[in-house]
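# sequence and computational prediction follow.
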Amino acid sequence: MSSHLAHGLGTEPVEPDWPPLTDAEVTAVTGPARVVWRSPRPLSAAAVVERDGRRLFVKRHHVTVRTPRGLAEEHAFLRHLRDRGAPVVEVLDLVERGEWTYEVHSAGTGTDLYRDALSWSPFLGTAHARAAGEVLARLHLAAEGF
C-alpha cells in the first residue's frame with residue numbers, strides 16, 4: 001500500500017485528491033511551526049501544527065472547491081456559535097496564496113478518537129453516538145438567529 005493513500009468515504013484507503021500540506025506551506029501561512037499530524041482524509045489537506053507552544057489546525061482548499069468568500073461566511077457562523085457558548089474552534093486567519101486558500105484555527109481541546117478513522121466510520125459505541133447527538137443539539141440551539 002502506498003504511503004500516499006488516504007482514508008476515503010468507504011472502507012478502503014484511496015489516493016488523496018490533494019497533496020498533503022508541506023512544512024514550507026505551513027510555515028508560510030503560520031510562521032515558524034512544526035507539523036505534528038497530517039490528516040489522512042482524501043478530500044482535503046489539513047494538519048495540526050505547534051507554534052509558540054500552541055496547537056493550531058491548518059487546512060488548505062483549492063479555490064475551485066472552497067472560495068474565500070464561502071469560507072468567510074462559514075467563519076462568521078463559527079463566531080456566532082462561539083459567541084453563544086458552543087464548543088467550536090476559533091478562526092484565527094484566512095490566507096489566500098495563488099490557487100489555494102488556507103484556514104488557520106485554534107486546535108480543538110480533548111482527544112480526537114476519530115482523527116485517523118476512515119471517513120464516515122460508525123461511532124465506536126452508543127455512548128459516543130449519544131454524546132455526539134447531545135453536542136449536535138446544543139449546536140442547533142446556538143445556531144438560532146444566524
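Sure thing, it's come through.

# residues of the helix ranked longest in the chain that come out buried?
Determined from DSSP state H, the single longest helix within the chain is helix 126-143. For helix 126-143, the neighbour count (16 or more other C-beta atoms under 10 Å) marks A142 as buried. Just so you know, the C-beta spots here come from the backbone N, C-alpha and C atoms, and that holds for glycine as well.

# residues contacting that helix, please?
77, 80-81, 84-88, 113, 123 (C-beta atoms under 8 Å, 6 or more residues apart in numbering).

# run the last query once more with 6 Å
81, 84, 86, 123 (C-beta atoms under 6 Å, 6 or more residues apart in numbering).

# list only those of the residues you listed flagged as buried.
81, 84, 86.

# which parts of the longest strand along the chain are buried?
Taking DSSP state E as the criterion, the chain has its longest strand at strand 54-62. Of the residues in strand 54-62, 56-61 count as buried by neighbour count, 16+ other C-beta under 10 Å.
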